[in-house]
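> Mind looking at a prediction? Sequence and model below.
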Amino acid sequence: PASAVCSGSREKAFAGRLPEQEGPLTLSQAINRALADQLAAHPDVLVFGEDVARKGGVYGVTRGLQKRFGPGRVFDTLLDEQAVLGLALGSGVSGLLPVPEIQYLAYLHNALDQIRGEAATLSFFSQGAFRNPMVVRVAAYAYQKGFGGHFHNDNSVAALRDIPGLVVASPARPDDAASMLRTCVAAARTDGSVCVFLEPIALYNTRDLFEEGDNGWLSPYVPPSRWAETHVPIGKARSYGDGHDLTIVTFGNGLRMSLRAAVRLTAEGYGCRVLDLRWLSPLP
């Protein structure tokens, strides 16, 4: 909640330049600022994973967080997904709120049972007596032709979709990402939810939507005073346009392509609407 955000701690966390004063941000920047806000507001939040601290992540999403919040809150782990999620399980049970990062979606599979067999089911097996809340950030989806094969360009969300109790978020736009990350952290804190937050690598630094230089994919950062009105509930989709001839249902990388296709269809006389699911579990 915005009430948990102390203006003094925010000023210190952002070195006097608040993110809402930066102007339109990319997806990567919006996630970075949202993580900083959570770290500033909640001393129990931990951000960790492979290369997330000193390097700031493969794509710079966590850049600068360790310097601002210290190695006790933002730190590098072993290059081992089972260690990353095992640490998240233990810290969640201990009353902390872990936000671990899995470097690529395909890297999750060797440690998936820690989510399926333990994290997402602990509260069920204990009749609610125990819980291990967490928000697992994952750099996801295809992003580069001819590189990395299936170990980097991985779309296997089915491995997550059928795990009971697991929340799967898939934001595509910067404003959605910040709002949905706040929702996931709040759900973890209040309900003990286990959330997986899938971030489209291909859109991390995207700026334009329809034409080069239009900056149509950027979004301003919403200040805490507007978090309540811009709240994105779990399972709520986002609709673009109001055409009645065709609805394109999409998510992740597909949103930008679908919006571009919708403009062409509209020019050809077809009334088109685009529905971004945003949440893959529960489905809207």
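Looks like it arrived, so ask away. Residues are numbered from 1 along each chain as shown.

> Where does the prediction get shaky in this protein?
Residue ranges of the chain with pLDDT under 70: 1-7, 145-150.

> ok, longest helix in it?
helix 174-191 (DSSP state H).

> which element follows that one toward the C-terminus?
Going down the chain from helix 174-191, the next helix or strand is strand 194-200, by DSSP states H and E.

> what angle separates that following strand from helix 174-191?
Strand 194-200 runs at 170 degrees relative to helix 174-191, counting by axes from the mean of the first three to the mean of the last three Cα atoms, to 10 degrees.

> Which other helices and strands does strand 194-200 contact?
Counting contacts by 3 or more Cβ pairs under 8 Å, 6 or more residues apart in numbering; DSSP states H and E, strand 194-200 is packed against helix 27-41, strand 134-140, strand 166-169, helix 174-191. To be clear about C-beta, it is placed using only N, CA and C from the backbone, and glycine gets the same treatment.

> next helix or strand past it?
Next in sequence after strand 194-200, counting helices and strands by DSSP H and E, comes strand 238-240.

> Which strand or helix spans residue 75?
strand 74-76.

> Show me what the spatially closest residue to residue 281 that is not a sequence neighbour is bridged to.
What sits nearest to residue 281 in space, not counting adjacent residues and going by Cβ to Cβ, 6 or more residues apart in numbering, is residue 168, at 4.0 Å. When assigned by DSSP bridges, residue 168 has beta-bridge partners residue 196, residue 281.

> Might one say that residue 168 is in contact with residue 196?
Yes - using Cβ atoms under 8 Å, residue 168 is in contact with residue 196, at 5.1 Å.

> Look at these two and report which has more neighbours.
Neighbour count, other Cβ atoms under 10 Å: between residue 168 and residue 196, residue 196 has more, with 28 against 21.
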